[in-house]
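Peer 1: what follows is a protein structure lacking sequence information:
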């Protein structure tokens with residue numbers, strides 16, 4: 001296994017990156033095509049965490065799975081996405097899950113949020129490390145329908161792509177509705193809803209670009225910024241003192257689920 005592959009595994013194994021899941025999903029939904037597809041073809045209101053869990057299972061399968069798990073993960077995603085396409089006469093922007101540009105955007109949000117969170121909580125990445133992780137994240141799209149040449153080939157190319165895409169995003173009413181289902185879930189037990197979700201909302205909002213946060217109608221004050229900065233400091237401490245077997249538990253749980261499915 002190459003040094004770059006080891007770096008990708010070290011990065012992806014850190015459970016703290018789950019804290020960025022909400023921000024990545026809200027960024028994905030800021031593409032009207034993604035928002036329309038999710039709103040019309042998923043039970044987000046009833047099961048708001050399904051998209052996050054499904055995305056993480058796919059990520060862990062691609063990075064850590066053997067060839068059989070990788071093939072099974074791609075098949076599972078493709079089966080789930082097969083019916084996701086615009087109906088004739090639909091007033092929403094045309095969408096289909098096998099859209100290469102949409103797949104690239106979803107992978108880009110996962111990379112951008114994970115790199116941001118790693119720099120805040122674990123350690124800032126140097127230029128070679130960022131380039132290696134960028135290359136590794138390409139597999140999230142290329143294992144589906146995205147050609148390898150459609151993925152940015154350098155951090156500078158990614159930054160240019162990211163800036164262009166952020167400027168073109170449009171947070172629709174559908175995106176806001178789905179985001180509310182994610183951030184204010186009604187199906188969670190009361191202790192989780194009241195104890196955990198305020199922190200999830202704070203961290204999710206803090207990791208969003210300011211324009212996207214504003215477009216979602218999320219109020220951000222100096223007090224919120226101070227609270228967010230404080231939680232980032234707390235997460236840095238927790239990252240240092242938490243044993244690896246706990247930090248890496250989400251990966252191991254996901255791989256156990258994949259092996260059980262294959263059996």
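Peer 2: Sure thing, it's come through. Predicted model, so just to flag it, every value in this text is computed and none were measured. Residues are numbered from 1 along each chain as shown.

Peer 1: touching, residue 145 and residue 104? I think so.
Peer 2: No - using CB atoms under 8 Å, residue 145 is not in contact with residue 104, being 10.0 Å away. C-beta: built from backbone N, CA, C; applies to glycine.

Peer 1: which one's more surrounded, the two?
Peer 2: Higher neighbour count among residue 145 and residue 104: residue 104, with 21 against 16, using other CB atoms under 10 Å.

Peer 1: ok, residues contacting stretch 103-110?
Peer 2: Contact partners of stretch 103-110, identified using CB atoms under 8 Å, 6 or more residues apart in numbering, comprise 24-25, 27-28, 31, 34, 55, 59, 137-138, 140-141, 144-146, 150-151, 158, 161-162, 165.

Peer 1: buried ones among those residues?
Peer 2: Using 16 or more other CB atoms under 10 Å as the burial test, these include 24-25, 27-28, 31, 34, 55, 59, 137-138, 140-141, 144-146, 151, 158, 162, 165 as buried.

Peer 1: run through the stretch 51-200 of the chain and note the low-pLDDT ranges.
Peer 2: The stretch 51-200 of the chain contains residues with pLDDT under 70 at 84, 86-97.

Peer 1: tell me where it has helices.
Peer 2: 67-81, 100-121, 127-137, 139-142, 155-168, 173-183, 190-195, 197-207 (DSSP state H, counting those that start in this stretch).

Peer 1: out of the ones you listed, flag the one nearest residue 16.
Peer 2: helix 100-121 (5.5 Å; CB to CB).

Peer 1: how far out from the middle of the chain is that closest one?
Peer 2: Relative to the chain's own centre, helix 100-121 is displaced by 6 Å; criterion: CA atoms, centre = their mean, to the nearest Å.

Peer 1: now do stretch 58-77: distance to the chain's middle.
Peer 2: For stretch 58-77, the distance to the chain centre is 16 Å (CA atoms, centre = their mean).

Peer 1: export the helices of the stretch 51-200 of the chain to TSV and append columns for distance to residue 15.
Peer 2: Listed next are the helices of the stretch 51-200 of the chain as TSV, based on distance: least, CB to CB, whole Å:
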stretch	distance to residue 15
helix 67-81	19
helix 100-121	11
helix 127-137	17
helix 139-142	18
helix 155-168	25
helix 173-183	19
helix 190-195	17
helix 197-207	14
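
Peer 1: quick check: the gap between residue 154 and residue 148.
Peer 2: Residue 154 sits 14 Å away from residue 148, going by CB to CB, to the nearest Å.

Peer 1: now do residue 193
Peer 2: 42 Å.

Peer 1: what sits against the nearest residue to residue 147 once chain neighbours are set aside?
Peer 2: Nearest non-adjacent residue to residue 147, counting by CB to CB, 6 or more residues apart in numbering: residue 100, 7.0 Å away. When contacts are counted by CB under 8 Å, 6+ apart, residue 100 is found next to 141, 145-147, 150.

Peer 1: and residue 54, by the same measure?
Peer 2: So residue 54 contacts 77, 80 (CB under 8 Å, 6+ apart).

Peer 1: repeat that for 10 Å
Peer 2: Residues near residue 54 by CB atoms under 10 Å, 6 or more residues apart in numbering: 42, 73, 76-77, 80.

Peer 1: repeat for residue 167
Peer 2: Counting by CB under 10 Å, 6+ apart, the residues that residue 167 touches are residue 211.

Peer 1: how close does it get to residue 201?
Peer 2: Distance from residue 167 to residue 201, by CB to CB: 25 Å.

Peer 1: what do you get for residue 37?
Peer 2: Computed as CB to CB, the residue 37 to residue 201 distance reads 24 Å.

Peer 1: of those two, which one has the most company?
Peer 2: Comparing residue 37 with residue 201 by other CB under 10 Å, the one with more neighbours is residue 37, at 26 against 16.
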